[in-house]
Structures are given as structure tokens and as C-alpha cells.
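Trainee: Give me the fold of what follows.
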Amino acid sequence: MSIAIYIAVMAGVTYIIRMVPFTFFRRKIKSRFLKSFLYYIPYAVLSAMTVPAIFFATGSIVTAAAGAAAALVLAYLGLPLIVVALSASAAAYLTGFIMNLF
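Mentor: Purely as a prediction, here's the structure:
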């Protein structure tokens, strides 16, 4: 198949995904339930994509859990994203290093 066909299919799918809400929701949404549902969708999708990737990124559930725990604690404390990411990576690395010593 030609790469042009792949690009055309991707463009069509992207266009359909972006146009469907405009065709179904022509008026302002007044339902509190629907508004709150749509408000939380980006967070739910991001979580559904990120959490499994966190626990399978290192090849060991123990090191991944250590990194995730460090990230959760530091994020809860309100530290910047770069600090959280680097600290979680360091925690996962150090946990793996300590596990290999024993």
C-alpha cells in the first residue's frame, strides 16, 4: 500500500473524531451530569494510558512500584514535575540496583 493511503485514512479518522462533537452538540450543554462527565474524560484517558505504562516500564513490578510511590508522594507535596519525574526515575533505579546486590 502507498503511504498516501495511510495518510488519507489518518486524516479522515482525525477529521471524523473532531467533527462528531460539533454535529451532536449544536446547542450549549445544560446537563450537569454530562458536563461533569465530559470534564473528567481527559483525566481518565490519560490515567488509563499512563498507569499501565508505569508498571511495565522497568521490567520489574517492585522497581516500578517504588518509582510510582515516590512520584505520588512528591506530587502530593506539590513539587515541580521535573523533580517528581527525576526522583521517581532515581527511586526505580536505586531499587533495582539494591535488588541486584542481594
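
Trainee: from here on, contacts and neighbour counts on C-alpha atoms
Mentor: OK.

Trainee: In this structure, where is pLDDT below threshold?
Mentor: Applying pLDDT under 70 to the chain flags the ranges 1.

Trainee: Which strands or helices does the longest helix along it pack on?
Mentor: In the chain, assigned by DSSP state H, the helix with the most residues is helix 32-56. Here helix 32-56 touches helix 61-76, going by 3 or more Cα pairs under 8 Å, 6 or more residues apart in numbering; DSSP states H and E.

Trainee: Go through the helix it packs on and flag the buried ones.
Mentor: Residues Thr63, Ala64, Ala65, Ala66, Gly67, Ala68, Ala70, Ala71, Leu74 are the ones in helix 61-76 that count as buried (16 or more other Cα atoms under 10 Å).

Trainee: Pick the one among those residues closest to Met49.
Mentor: Ala68 (14.6 Å; Cα to Cα).

Trainee: Skipping adjacent residues, who's closest to the closest one in space?
Mentor: Using Cα to Cα, 6 or more residues apart in numbering and skipping the chain neighbours, the partner closest in space to Ala68 is Ala88 (6.4 Å).

Trainee: which ones are touching that neighbour?
Mentor: Ala66, Gly67, Ala68, Ala69, Ala70, Ala71 (Cα atoms under 8 Å, 6 or more residues apart in numbering).

Trainee: Extract the C-alpha trace of the host helix or strand of it and format it as PDB.
Mentor: Per DSSP states H and E, Ala88 falls inside helix 81-101. Output in PDB follows, covering the C-alpha atoms of helix 81-101 (Å, rounded to 0.1, in the frame of the first residue of the first chain):
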ATOM      1  CA  LEU A  81       7.000  18.000  37.500                       C
ATOM      2  CA  ILE A  82      10.700  17.700  36.700                       C
ATOM      3  CA  VAL A  83      11.600  17.000  40.300                       C
ATOM      4  CA  VAL A  84       8.800  14.400  40.500                       C
ATOM      5  CA  ALA A  85       9.900  12.700  37.300                       C
ATOM      6  CA  LEU A  86      13.600  12.600  38.100                       C
ATOM      7  CA  SER A  87      13.000  11.400  41.700                       C
ATOM      8  CA  ALA A  88      10.700   8.600  40.500                       C
ATOM      9  CA  SER A  89      13.300   7.500  38.000                       C
ATOM     10  CA  ALA A  90      16.000   7.600  40.600                       C
ATOM     11  CA  ALA A  91      13.900   5.700  43.100                       C
ATOM     12  CA  ALA A  92      13.200   3.000  40.500                       C
ATOM     13  CA  TYR A  93      16.900   2.800  39.500                       C
ATOM     14  CA  LEU A  94      18.100   2.600  43.100                       C
ATOM     15  CA  THR A  95      15.500   0.000  44.000                       C
ATOM     16  CA  GLY A  96      16.700  -2.100  41.000                       C
ATOM     17  CA  PHE A  97      20.400  -1.600  42.000                       C
ATOM     18  CA  ILE A  98      19.700  -2.700  45.600                       C
ATOM     19  CA  MET A  99      17.700  -5.700  44.400                       C
ATOM     20  CA  ASN A 100      20.600  -6.800  42.200                       C
ATOM     21  CA  LEU A 101      23.000  -6.600  45.200                       C
END
